[in-house]
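A.B. asks: when you get a sec, could you give me coordinates for this:
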Amino acid sequence: MPTARSTALNVPRRRRRVAPAALAGATLLLAACGGTAASPGSEAPAPAAETSAAATATDDDAAFTPVELDNCGFATTVESPPERVVTIKSSTFELMLALGLADRVVGTAFLDGEVPERYADAAADVPVIADAAPGREAVLALEPDLVFAGWESNFSADGAGERSELEDVGVTTYVAPAACKAPGYMPDPLTFDSVFADIIEAGEILGVPKAAADLVAEQEAALAAIEPDDRGLRALWYSSGTDVPYVGAGIGAPQMIMSAAGLENVASDVEDTWTSFGWEQVADADPEVIVLVDAAWNTAEQKIALLEANPTASRLAAVRESRYVVVPFASTEAGVRNVDAVAQLVRDLAEIEVAP
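C.D. replies: Below you'll find the predicted structure:
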């Protein structure tokens, strides 16, 4: 088991000792970039890891060298490829599935919706241990050697446990780097390059650099094949909130996805991932399109009903003319679904007419 190390490093999170296997993975990524592209506006192709799970399970295992990480300001070392992984949030679970590593996931929690159909069979046998962040005892009962979290806040006394405490009992902890919040660690802005770099890093940690490189090459090809909407439409990314809407701001996944789809974010000047945005601000911005985040706990239909009932929002042309596009919540956080979200937005925007 890895030795616990809880002292934060005052260095960028990418500055670390990289194992030889990681360098091999980066080389493979460059060689793989000529992969088959998806047709414009199509869903990203299913990763090759789906059809080669047995191969990825031992991908470069023999060449693995311990990897030292400064992960969101927490220093940790991965001594060997984790074999018993607990994932928290859809973004981390679906990355494991995309890498062909479902058989290493001993439990998952805090899922944001159904997994994509292409991963359904692989996910079927993985137990869901909690609807929200699991408790420390529930996590430790599974005897994991890695807890892979989608949010920093998943590690807390009220959640899966403090990172230092888990590492003290031999459990390595890792937060998806795009979710880091501290200055110098939070992506500013989040880009597809950083999302893909995080996949490569996960591949290094998990001992499957080739599977990670192949996945990134496929996602890069699919993204490059998407033709963005070229009308320069202004859009509001509406995630939640009733009295005050909570919207996608200028440096997070909503901005990254909208920009790739050809949309201009009306809240792009806010230096944050998400922000509160008053209804009067929405009216002043007068977006031509509204992107609705669909979640089981706050559906797109509920948001439409609220918009149409709100005395300010109901006056917007986008609301009167039902100029809505919808993305599932699980696609709105950095991860393997982001390219699909861009493709979906472009397809849906093609059905929307906006008068000049």
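A.B. asks: where does the stretch 151-300 of the chain have low pLDDT?
C.D. replies: Judged against pLDDT under 70, the stretch 151-300 of the chain has no low-scoring part.
A.B. asks: helices along that one, start to end?
C.D. replies: Ranges of helices in the stretch 151-300 of the chain, per DSSP state H, counting those that start in this stretch, are 163-168, 192-206, 209-225, 253-261, 279-285, 300-309.
A.B. asks: tell me if I'm right that residue 323 and residue 290 touch.
C.D. replies: Yes. The pair residue 323 / residue 290 is scored as a contact, 6.6 Å apart, by C-beta atoms under 8 Å. (C-beta placed from N, C-alpha, C; glycine too.)
A.B. asks: neighbour-wise, which of these two wins?
C.D. replies: residue 290 (26 against 20; other C-beta atoms under 10 Å).
A.B. asks: okay, that one and residue 256: tell me how far apart.
C.D. replies: Here the criterion is C-beta to C-beta, to the nearest Å. By it, residue 290 lies 18 Å from residue 256.
A.B. asks: residues contacting the closest residue in space to residue 127 that isn't next to it in sequence?
C.D. replies: Nearest non-adjacent residue to residue 127, counting by C-beta to C-beta, 6 or more residues apart in numbering: residue 107, 5.2 Å away. Shown in contact with residue 107 (C-beta atoms under 8 Å, 6 or more residues apart in numbering): 86, 87, 126, 127, 128, 129, 134, 138, 139, 142, 144.
A.B. asks: ok, residues contacting whatever helix or strand the first one lives in?
C.D. replies: For residue 86, the element it lies in under DSSP states H and E is strand 85-88. Strand 85-88 is contacted from outside by 93, 96, 101, 104-110, 129, 133-134, 139, 142, 144-151, 154, 160, 206, using C-beta under 8 Å, 6+ apart.
A.B. asks: ok, 6 Å please
C.D. replies: 93, 96, 104-105, 107-110, 139, 142, 144, 146-150, 154 (C-beta atoms under 6 Å, 6 or more residues apart in numbering).
A.B. asks: in stretch 175-191, what's buried?
C.D. replies: Using 16 or more other C-beta atoms under 10 Å as the test for burial, stretch 175-191 gives 175, 176, 177, 178, 179, 180, 185, 186, 187, 189, 190, 191.
A.B. asks: before we move on, what about stretch 111-123?
C.D. replies: 111, 112, 115, 116, 119, 122, 123.
A.B. asks: could you do stretch 98-106 as well?
C.D. replies: For stretch 98-106, burial by neighbour count (16+ other C-beta under 10 Å) applies to 98, 99, 100, 101, 102, 104, 105, 106.
A.B. asks: nearest to residue 78 among those residues?
C.D. replies: residue 104 (13.4 Å; C-beta to C-beta).
A.B. asks: for the closest one, give me its contacts.
C.D. replies: By C-beta under 6 Å, 6+ apart, the contact set of residue 104 is 83, 85.
A.B. asks: state whether residue 108 is indeed within a strand.
C.D. replies: Yes. Residue 108 sits within a strand when classified using DSSP: H, G, I helix; E, B strand; the rest coil.
A.B. asks: re earlier: against residue 259, how distant is the residue nearest to residue 127?
C.D. replies: According to C-beta to C-beta, residue 107 stands 36 Å off from residue 259.
A.B. asks: returning to what we had before: so what's the residue nearest to residue 127 scoring on pLDDT?
C.D. replies: pLDDT, residue 107: 98.
A.B. asks: quick one: the strands in this structure?
C.D. replies: 67-71, 74-78, 85-88, 105-109, 128-130, 146-149, 172-175, 234-240, 246-248, 264-265, 274-276, 289-294, 324-328 (DSSP state E).
A.B. asks: distance to residue 283 for those strands - can I get that in a markdown table?
C.D. replies: Formatted as a markdown table, the strands of the chain follow (distance: least, C-beta to C-beta, whole Å):
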| stretch | distance to residue 283 |
| --- | --- |
| strand 67-71 | 42 |
| strand 74-78 | 43 |
| strand 85-88 | 38 |
| strand 105-109 | 39 |
| strand 128-130 | 40 |
| strand 146-149 | 38 |
| strand 172-175 | 37 |
| strand 234-240 | 11 |
| strand 246-248 | 13 |
| strand 264-265 | 17 |
| strand 274-276 | 15 |
| strand 289-294 | 12 |
| strand 324-328 | 17 |
